[in-house]
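Asker: Test case, fold it:
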Amino acid sequence: MTHPLVEQLRFARSEWQRALRGVPEADGRRRFEPMNSIGWIVAHMAWHEQRYWLTRHAGESPLPVLEKVAANGGPATTPSLREMRRAWATVTTAADPFLDALDEAAMTRSLPGSPPRRYGDAILRVTYHYWFHAGEILAIRQLLGHPRRPEFVGDIDGQAPYRPTGG
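Answerer: A predicted model of the protein is given here:
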């Protein structure tokens with residue numbers, strides 16, 4: 001059974017994707033300084049998941065372009081939204097089998113690399129990171145005048161309700 005923290009991460013991913021639904025390619029490259037472009041945000045979340053689950057955990061970095069385009073603290077970029085969505089899908093598809101295998105004992109083990117972080121803490125960090133950037137995406141979409149933007153959290157009761165660990 002999938003660990004409840006992983007379920008919450010998946011729900012955050014799905015809400016973040018809902019925030020992206022309907023964004024045209026050209027709008028994905030728009031930048032309202034000092035905010036980043038939506039394309040950068042997508043690349044950045046792909047970078048974060050790749051960094052934790054593939055690079056730090058498994059010693060692999062299948063998409064080195066993410067380090068150049070969207071690493072934390074790097075220069076501002078406006079990458080293609082379409083290409084970065086594909087990169088994100090590649091990374092999360094590669095990470096999902098690892099995430100599915102995590103159990104309660106694994107959550108307290110240390111994720112290799114620096115800074116020191118337990119797996120459970122890393123999942124929480126990525127989950128909250130998605131929520132932060134979902135809000136940023138929706139703010140950018142508001143500035144762009146996009147109609148029919150999500151206005152509140154979706155079906156958490158149906159998709160990711162509270163479930164005790166191991167239950």
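Asker: rest of the way, CA atoms for contacts and neighbours
Answerer: Noted.
Asker: What mean pLDDT does the helix or strand harbouring residue 94 get?
Answerer: Following DSSP states H and E, the helix or strand that holds residue 94 is helix 81-101. Confidence for helix 81-101, expressed as mean pLDDT, is 98.
Asker: How about stretch 3-12?
Answerer: In the prediction, stretch 3-12 has an average pLDDT of 96.
Asker: Next: stretch 36-48.
Answerer: pLDDT averaged over stretch 36-48 equals 97, rounded to a whole number.
Asker: got the CA coordinates for that stretch in PDB?
Answerer: What follows is the C-alpha trace of stretch 36-48 in PDB, where atoms were taken according to Å, rounded to 0.1, in the frame of the first residue of the first chain:
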ATOM      1  CA  ASN A  36       9.600  33.300 -12.700                       C
ATOM      2  CA  SER A  37       7.900  32.100 -15.900                       C
ATOM      3  CA  ILE A  38       5.400  29.200 -15.700                       C
ATOM      4  CA  GLY A  39       7.800  27.200 -17.900                       C
ATOM      5  CA  TRP A  40      10.600  27.800 -15.300                       C
ATOM      6  CA  ILE A  41       8.300  26.700 -12.500                       C
ATOM      7  CA  VAL A  42       7.600  23.400 -14.300                       C
ATOM      8  CA  ALA A  43      11.300  22.900 -14.900                       C
ATOM      9  CA  HIS A  44      12.100  23.700 -11.300                       C
ATOM     10  CA  MET A  45       9.700  21.100  -9.900                       C
ATOM     11  CA  ALA A  46      11.100  18.500 -12.300                       C
ATOM     12  CA  TRP A  47      14.600  19.600 -11.100                       C
ATOM     13  CA  HIS A  48      13.500  19.200  -7.500                       C
END
